[in-house]
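Colleague: Got a sequence here, can you model it:
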Amino acid sequence: MMNCIAIDDEPKALEVIERYCQKTGLLSLRASFRESLKAIEFLNREKVDLIFLDINMPDINGMQLLQTLSPRPLVIFTTAYSQYAVESYELSALDYLLKPVTFERFLLAINKAAAALSSRNAAGMDEGATVFIKSGVQTFRVKVSEIIYLEKVGNYITVHLKDGKILIRENMSDIFDLLPAADFIRVHKSYVVGIRHISMIEVHQLIVSGEKIPIGSTYREALRLRLGID
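Modeller: All right, here's what the predicted structure looks like:
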């Protein structure tokens, strides 16, 4: 799950970003700001992975704000004006979204952010990257690469591994937060799958390490876009 904030002096534009963040399931929107100075104060205290940043704002515009940050989080500019595109990329912006922003275009930018964050973290992570998963009184250290999929049944989630299973009592969103956003995707209200383990995709299901996993209708389009399927 990527931590992010949104900065825009237009309330309606912030509402769109907030709604899209909730819809993707990949983002945790920590805060929204209509004033650049308040956003800078927050960023001096808190670490985030990604900023949605409007360019045209009073006092300090988005370009100026970005130049004050060191180190810089990933940045996706949002604006109604296309003439800033070249300058935004010169500042190493990840993407440039023209308003009004469609959800499809938003999701493409988020997928790019997930990939960039995964690459940024690659120096500290490898095939041996692990997470700790608590089951009852036991806590297991599990390799991320060995998590095939998560399956929710009732109040419990089964973590399916290459060589076994772990049963936990947890919300799907909470356990999803433990996993690298670039490596996993939710395909159904009851299933999250490891992208590296997907071997085949059909209209209503996909095959993950030989297991058939249903694709929920509300997740089908996001899955198609995430995997680059026409």
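Colleague: any chance you could map the helices in this structure?
Modeller: For the chain, the helices defined by DSSP state H cover 11-24, 36-45, 62-68, 85-90, 103-120, 172-177, 220-227.
Colleague: Select, out of these, the one closest to residue 145.
Modeller: Closest to residue 145 of these is helix 103-120 (CB to CB; 12.9 Å). Every C-beta, even on glycine, is put in place using the N, C-alpha and C of the backbone.
Colleague: one step back: tell me which of the helices of the chain sits nearest to residue 197.
Modeller: Nearest to residue 197, of the helices of the chain and by CB to CB, is helix 220-227 at 12.9 Å.
Colleague: residues in contact with the closest one?
Modeller: 24-25, 104, 107-108, 111, 185, 187, 195, 198, 201, 203, 206, 215, 229 (CB atoms under 8 Å, 6 or more residues apart in numbering).
Colleague: of those residues, closest to residue 144?
Modeller: Looking across those and measuring by CB to CB, the closest to residue 144 is residue 195, at 11.5 Å.
Colleague: wait, doesn't that closest one sit right on residue 187?
Modeller: No. Using CB atoms under 8 Å, residue 195 is not in contact with residue 187, being 10.1 Å away.
Colleague: Those two: which is more packed in?
Modeller: Between residue 195 and residue 187, residue 187 has the larger neighbour count (other CB atoms under 10 Å), namely 24 against 13.
Colleague: Kindly state the pLDDT recorded for that one?
Modeller: Looking at residue 187, its pLDDT is 91.
Colleague: right, and it touches residue 212 too?
Modeller: No. With contact defined as CB under 8 Å, residue 187 and residue 212 do not form a contacting pair (11.6 Å).
Colleague: Pass me the low-pLDDT residue ranges in the protein, would you?
Modeller: Judged by pLDDT under 70, the chain has its weakly predicted residues at 82-91, 119-128, 228, 230.
Colleague: let's see it at 50
Modeller: Applying pLDDT under 50 to the chain flags residues 123-125.
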